[in-house]
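Engineer: here is a sequence with its predicted model. Questions after.
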Amino acid sequence: MTAMAKETPLVHPLVNQYLRPERMPHLACPGCGIGQVVHCTLNAVAELGLTPLNTVWVQGVGCSSRLSYALWKGDSIDAHHGRIFAVATGLKMCRPELNYILFTGDGDCASIGGNHFIHACRRNLDVVAIMFNNGIYGMTGGQVAPTTPLGASTTTTPHGNFEAPFDLCKVAEAAGASYVARWRAIDFKPLTHSIKKGIRIKGLAFIEVLLPCATNFGRYVLKTGDPGKVQKWINDRVVTLKKAESMSPEELKDKVLIGEFVDREQPGVVENYQSLLKRLKEV
Amino acid sequence: MKGTKTGTFFVQGDEAIAEGAIAAGCRYFAGYPITPAQEIAEILAQRMPEVGGVCMQMEDELASIHSVGGASCAGFKAMTASSGPGISLKLEGLGWGIKNELPYVVVDIQRAGPSNGVATSVAQGDFYTVRYGSAGGNYALIALSPKSVQEAFDLTIECFNLAEIFRCPVFLLCDETVGHTREKLVIPDPSKIKIVERKKPTVPPEQFVLYPLDDDSVINYPFPSVGEGYSICVSPYTHTSKGYPSTEKVDQDKMARRLTNKIMKNVDKLTRVEKKYLEDAEVAVIAYGASARPALAAVETARGNGLKVGFLRPIIVWPFPDEEIYRVAERVNFILVPELNTDGQMVREVARAAKGKAEVYHLGSGGVETHLPDEIWREIRRLKK
C-alpha cells in the first residue's frame, strides 16, 4: 500500500461532514476501490440522515478494515481478524437502537471469520455487512484467498491455485440473511441503493463488493500493475442477474453474478430477544 | 420480573458465580457449552432475561469472548466462562480486551488437561495460562481464585469491581471442585453489596482522552461506550491516546508500559491472602483454590501433632503476592506447595518470591481428585526429617 500524495486536497463535502480530517490522506493504493465503497456508504448515510451519534462503524482486519478504521467521525470498533461479527453481536444485542455498518474483507469474512459469518446470517443480526472482495490477501502481500479463482498464481500458490473459490452470497442466502447483494465498486448507484436498503431492512444485510486490487491481485494473478486492466478483468467476468436469465449454464460458467439476490425482511435475533424480554416482563 | 436474589441457598460454585455476576450488575453473558462450566451458562440463560440482561450461546469460544468485548464497548458489564480447552481459544480474544482496556470478566473452571483431558474433573493447570497465555506479552493481569461456594460468589463480584477500577479483563480462576461443590451460600441484600459502576467522562468529548498513555498508573479511569458521543476508537493495533493506529516505537512503548504498570504500580491494592498459624511457623504450606482446603486440614493436623506449621493462601493469585510470600520465607525452614499439576506452576512463583530464604517443595498431581489432607500431612512429615 502506498499513501496518497500529501497535497491531495480534501474537497468532498461528505468527507468533512462524516470523516475525521486528521485521518487523511487515506491508505488506499492507486486504483483501489475501497474509497468508492466508502463514498457509496457516506451517500447512503447522508440520504438516510444517519449521524455519527447513532451510527457505529465496525471493522475487521485487512485492507477493508485498516482503510476504514477510525475514518468515521462516530464510534469505530475494529475487531480481531475474522471476529467482526462476534464483536458486532455483543454491540448490537446491548445497544440495539444504534446502526452498525460493518466493513470486512474476503479473508476476514470468508476465511478466518467464516464460522462467525455463517452464524451471524443464521441469527439474522440486524447490521449491514459490506464485504470487500479483492480475491486475494492484499494487506499481507498477495496470498491465495478462499475467493481466488482456481488455477490463479499467488505468493502461496506459485504453481497455481488448486482449491476452488466459494460464493459468499450463496452462503449468506442459505444461512438466513434478510438481504444479499453483490456489486462492483464502480456500480455507484446500485451499490449506494443496496447500502441504503441494507441499513433500513431488519436483519442482516450482506453486500459483497468486487474490488480491483492492482497492487496484489493485478501483480500476481493478472501479471499487471494497471488498475484499469484489473477492472476490465472484473468487468469481463460479471453478468447482471437480468442478463443471466437469457444465458445458458455453459455460458454462465466462470461468470460472477451481480445484483440483488435476496430481499426478504424477517425478524432476527435482536427483535426475537426484545420480544422475549417483553414477554417475561408481562408475566 | 424477578430481580436479584437475596437469602441463604444450598448451591454449587457455578451457580454462585452466576448469581454473583448478576449481583455485580453483569447484564451480558456469552458462552459455549463446556464441562465443567456450562452450569454458569445454563443458569444465566434462565436468569439474565429475568433481570433484563442478555445471554447468548455463541457458535464458539472465540465468538463468546469477542461478543463480550463488544458488549463491554456498548457499556455493559459482561462475562464469559469456560474451561481449559475453551480458555485456550478465548486467549485469542483476551488480547483485544487487554489492549483496548475493556472491563469484563472471564471465568475459568479448571479441569484436568492437557487438551481435553478429563472433562469432569478438577485440576490446576491454567495458573500460567491465564496470566501469560495471550500472545505478545506487554501486559499484567488480575486473577482471583475462590476456595468455596461463598467465595465464588463474593470474588465474582470483586472481579467485576476490579475490572471497572483497572479497566481491564479480570479472571476468576476457579476449578471443577469449587465449581461443582454444593454448600451454603448467603447472598446479602443488594444494599449491602459493594458495587463499582462504570465511570463516565465528565469532560466534553473534544477534551476527553480515551487511553491515558501519559500516566501509566492511573486507575478509576472513565470509559465511555458507543453511542455516547465520545467517538471511541477500539482496534487490535498499537494505539495513540486517541485510539488511532501507530507503528511508532514511542507509542508502542507507552501503550505496553500502560498495560503493565496500571496493575503492577498498584499492586498494593491487589494483594489479598488468607494466613493462618504463621506467627511461630517453622514450615509453611501455600496453596490456592481447591488445593487450599486439604492443605489447611493438613496444617491443622500438624498443629494437633505439635508441629509448628503455618498456612498461606493467595486469594488474588495474579499479581502474585510476592511480598507476603517473602515474609513467610524469611521465617520458615521450608515451604510446601501442593497443587494439581505435575509441571509445577504456582510453586515456581513461590520459589521466585522466596528469593532463596526457604527451601520450596512441590507436591504435584495430574488432577482428577484433590490431594487428601493425609497426603499433604505425610509430605510435611517426610520433608521435616
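Structural biologist: Now that the structure is in, tell me what you want to look at.

Engineer: next, count neighbours for residue 83.
Structural biologist: Went with chain A since none was named. Neighbour count of residue A:83, defined by other C-beta atoms under 10 Å in any protein chain shown: 27. For the C-beta atoms, the positions are set from N, CA and C on the backbone; glycine is no exception.

Engineer: my question was about chain B, not that one.
Structural biologist: 29.

Engineer: which residues of chain A fall in helices?
Structural biologist: In chain A, the helices defined using DSSP state H lie at A:13-18, A:34-48, A:63-66, A:84-94, A:106, A:114-123, A:168-175, A:188-200, A:227-237, A:241-244, A:249-252, A:269-282.

Engineer: give the contact list for residue B:5.
Structural biologist: B:19, B:22, B:23, B:187 (C-beta atoms under 8 Å, 6 or more residues apart in numbering or on different chains).

Engineer: what's the farthest-apart pair in those residues?
Structural biologist: The largest separation in the contacts of residue B:5, counting by C-beta to C-beta, is between B:22 and B:187 at 9.7 Å.

Engineer: ok, the residue nearest the centre of chain A - contacts?
Structural biologist: Taking C-alpha atoms, centre = their mean, the centroid of chain A lies closest to residue A:131, which sits 1.8 Å from it. Contacts for residue A:131 (C-beta under 8 Å, 6+ apart) come out as A:64, A:104, A:105, A:106, A:109, A:110, A:168, A:206, A:207, A:208, A:209.

Engineer: mind picking the one among the residues you listed that's closest to residue A:54?
Structural biologist: Out of these, the member with the shortest distance to residue A:54 (by C-beta to C-beta) is residue A:207, at 20.2 Å.

Engineer: so how far is chain B from the residue nearest to the centre of chain A?
Structural biologist: Distance from residue A:131 to chain B, counting by C-beta to the nearest C-beta, to the nearest Å: 18 Å.

Engineer: return the residues of the stretch 1-150 of chain A in contact with chain B.
Structural biologist: Counting by C-beta under 8 Å from any C-beta of the partner chain, the residues of the stretch 1-150 of chain A close to chain B are A:23, A:52-54, A:56, A:59, A:61, A:66, A:69-70, A:73-81, A:83, A:85-95, A:97-98, A:115-116, A:118-119.

Engineer: follow-up on the earlier one: looking at the helices of chain A, which is buried most?
Structural biologist: Of all the helices of chain A, helix A:84-94 has the most neighbours on average by mean count of other C-beta atoms under 10 Å in any protein chain shown, namely a mean of 30.

Engineer: low-confidence stretches in the chain?
Structural biologist: Went with chain A since none was named. A:1-11 (pLDDT under 70).

Engineer: not quite, go with chain B.
Structural biologist: Chain B contains residues with pLDDT under 70 at B:1-2.

Engineer: so who does the residue in it that chain A sits nearest to touch?
Structural biologist: Among the residues of chain B, residue B:70 lies nearest to chain A; the distance is 2.6 Å by C-beta to the nearest C-beta. Residues in contact with residue B:70 (C-beta under 8 Å, 6+ apart) are A:77, A:79, A:86, A:87, A:88, A:89, A:90, A:91, A:92, A:94.

Engineer: quick one: the first one and residue B:370, what's the gap?
Structural biologist: Relative to residue B:370, residue A:77 is positioned 43 Å away (criterion: C-beta to C-beta, to the nearest Å).

Engineer: hmm, back to that, what sits in contact with each of residue B:22 and residue B:187?
Structural biologist: Joint contacts of residue B:22 and residue B:187 (C-beta under 8 Å, 6+ apart) are B:4, B:5.

Engineer: quick one, which of these two is more surrounded?
Structural biologist: With neighbours defined as other C-beta under 10 Å, residue B:22 and residue B:187 compare such that residue B:22 has more, 25 against 22.

Engineer: that one is in contact with residue B:4, isn't it?
Structural biologist: Yes - in this structure, residue B:22 is within contact of residue B:4 by C-beta atoms under 8 Å, at 5.6 Å.

Engineer: restricted to strands, list the contacts of residue B:5.
Structural biologist: Counting by DSSP state E, the contacts of residue B:5 place residue B:187 in strands.

Engineer: switch the contacts of residue B:5 over to JSON lines; also include distance to chain A.
Structural biologist: Shown next, in JSON lines, are those (distance: C-beta to the nearest C-beta, whole Å):
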{"residue": "B:19", "distance to chain A": "18"}
{"residue": "B:22", "distance to chain A": "15"}
{"residue": "B:23", "distance to chain A": "19"}
{"residue": "B:187", "distance to chain A": "21"}
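
Engineer: who are the packing partners of the lengthiest helix in chain B?
Structural biologist: Across chain B, the longest stretch assigned as helix under DSSP H is helix B:149-166. Where contact means 3 or more C-beta pairs under 8 Å, 6 or more residues apart in numbering or on different chains; DSSP states H and E, helix B:149-166 is packed against helix B:13-24, strand B:104-112, strand B:142-144, strand B:169-175, helix B:176-180, strand B:182-187.

Engineer: mind giving me the domain ranges of chain B?
Structural biologist: Chain B is divided into the following domains under automatic domain parsing: B:7-192, B:274-384.

Engineer: now for the longest one, what's the gap between its first and last residues?
Structural biologist: What it means is domain B:7-192. Using C-alpha to C-alpha, to the nearest Å, the end-to-end distance of domain B:7-192 comes out at 12 Å.

Engineer: and the contacts of residue B:70, which is closest to residue B:64?
Structural biologist: Nearest to residue B:64 among these, counting by C-beta to C-beta, is residue A:86 at 7.8 Å.

Engineer: first vs last residue of stretch B:307-318, how far apart are they?
Structural biologist: Here the two ends of stretch B:307-318 are set 31 Å apart, with distance taken as C-alpha to C-alpha.

Engineer: still on that earlier bit, and which of the contacts of residue B:70 is nearest to residue A:135?
Structural biologist: Closest to residue A:135, out of all of these and judged by C-beta to C-beta, is residue A:79, at 22.2 Å.

Engineer: quick one: contacts for the closest one?
Structural biologist: By C-beta under 8 Å, 6+ apart, residue A:79 lies in contact with A:58, A:59, A:60, A:61, A:86, A:87, A:88, B:66, B:69, B:70, B:96, B:236.

Engineer: mind running it again at 7 Å?
Structural biologist: Neighbour list for residue A:79: A:58, A:59, A:60, A:87, B:66 [criterion: C-beta atoms under 7 Å, 6 or more residues apart in numbering or on different chains].

Engineer: just send those back as CSV, with distance to residue A:148 too.
Structural biologist: Formatted as CSV, the contacts of residue A:79 follow (distance: C-beta to C-beta, whole Å):
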residue, distance to residue A:148
A:58, 25
A:59, 22
A:60, 18
A:87, 26
B:66, 27
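
Engineer: identify the farthest-apart pair in the residues you listed.
Structural biologist: Top of the distance list for the contacts of residue A:79 (C-beta to C-beta): A:59 and B:66, 13.2 Å.
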